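Visitor: using only what follows, build the 3D model:
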Amino acid sequence: MNIKERTKEALRKYDTGTKYSHLPFPKASVLVPIFVKDGKLHLILTVRSMKLQTFKGEVCFPGGKLEPEDQNEIDTAVREAEEEIGLEAKDVDVVCSLVPIISKAGLLVTPVVAFIQETFQPIPNQDEVSDVFSVPLDYFLNPAQHFSHSYELHDGTSSRIHFFTYEDPHNNKSYVIWGMTAYFALIVAVLALGRRPAFVVDFEDGDPLSNCEFILRKHYTSKL
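Guide: This is a model prediction of the structure:
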């Protein structure tokens with residue numbers, strides 16, 4: 001079994017399907033595109049255009065809000081990836097949907113993990129995306145360019161926000177990957193590679209999805 005098939009097998013164990021689709025929150029999805037290069041897994045990430053009204057210049061995955069024509073979270077993620085970076089739906093091999101998290105804006109954001117071809121050449125929509133780059137997946141388990149800090153939630157408990165600084169050798173640019181995007185990348189790295197990161201995380205039991213689900217159940221019990 002090659003690395004792609006092994007990764008699919010590992011990730012599919014955590015597919016949540018439509019488990020959270022009933023929750024009465026405004027919904028959004030992001031596509032977490034993985035490809036294999038030189039025998040290693042890599043992620044595609046984007047930089048939000050300075051033309052946008054919110055989160056200008058921040059690193060993120062392709063994604064956006066659920067639209068009326070979308071049947072589910074997967075449709076949203078795939079459609080947004082095509083609109084933002086020219087990734088056609090026929091070239092997206094969806095593997096799984098993972099546990100969503102609630103964004104600062106109150107959106108229920110679902111990460112949809114998919115494989116794409118190494119040969120994919122992004123065509124950024126300049127109104128939404130100013131840059132597209134890739135990062136080796138195991139980078140998100142390495143403490144060398146990582147730091148984090150804890151912050152207090154409304155109920156007095158704490159959570160942790162992660163930051164990764166990536167120096168891209170292909171274009172000599174530096175990118176700061178943080179917040180929800182960093183957390184999704186970290187979760188996918190743990191699940192796909194079967195390793196714990198070499199730094200402090202919230203999911204001390206080694207199961208990041210249980211931690212995500214715990215947060216949903218703890219803070220939004222009335223809607224679950």
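Visitor: could I get the contacting residues of the residue nearest in space to the middle of the chain?
Guide: The residue lying closest to the centre of the chain (Cα atoms, centre = their mean) is Phe184, at 3.8 Å. Applying Cβ atoms under 8 Å, 6 or more residues apart in numbering, one finds that Phe184 lies in contact with 30, 32, 61, 98, 111. No exception for glycine: its C-beta is placed from N, CA and C like everyone else's.
Visitor: ok, the closest residue to Leu108 other than its chain neighbours - how many residues close by?
Guide: Sequence neighbours aside, Phe25 is the residue nearest to Leu108 in space, at 3.9 Å (criterion: Cβ to Cβ, 6 or more residues apart in numbering). Residues lying near Phe25 (other Cβ atoms under 10 Å) number 15.
Visitor: list the buried ones in stretch 78-90?
Guide: Neighbour-count burial for stretch 78-90 flags 78-82, 84-87 (criterion: 16 or more other Cβ atoms under 10 Å).
Visitor: just those residues now: which is nearest Val94?
Guide: Of all those, Val78 has the smallest distance to Val94: 7.3 Å, by Cβ to Cβ.
Visitor: what's the helix or strand where that closest one lies packed up against?
Guide: Using DSSP states H and E, the element containing Val78 is helix 73-85. Where contact means 3 or more Cβ pairs under 8 Å, 6 or more residues apart in numbering; DSSP states H and E, helix 73-85 is packed against strand 27-37, strand 40-48, strand 63-65, strand 93-97, strand 108-115, strand 129-136.
Visitor: could you dump those strands to a markdown table with mean neighbour count, distance to Val201 and mean pLDDT?
Guide: Formatted as a markdown table, the helices and strands packed on helix 73-85 follow (neighbours: other Cβ atoms under 10 Å; distance: least, Cβ to Cβ, whole Å; pLDDT from 0 to 100):
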| stretch | mean neighbour count | distance to Val201 | mean pLDDT |
| --- | --- | --- | --- |
| strand 27-37 | 22 | 18 | 97 |
| strand 40-48 | 20 | 18 | 97 |
| strand 63-65 | 20 | 23 | 96 |
| strand 93-97 | 19 | 21 | 98 |
| strand 108-115 | 24 | 17 | 97 |
| strand 129-136 | 18 | 18 | 97 |
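Visitor: now distance to Phe147 too, for those strands, in CSV please.
Guide: Below are the helices and strands packed on helix 73-85 laid out as CSV (distance: least, Cβ to Cβ, whole Å):
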stretch, distance to Phe147
strand 27-37, 22
strand 40-48, 18
strand 63-65, 25
strand 93-97, 29
strand 108-115, 22
strand 129-136, 17
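Visitor: so which of the ones you listed comes closest to Pro197?
Guide: Closest approach to Pro197 among the helices and strands packed on helix 73-85 (Cβ to Cβ): strand 129-136, 13.9 Å.
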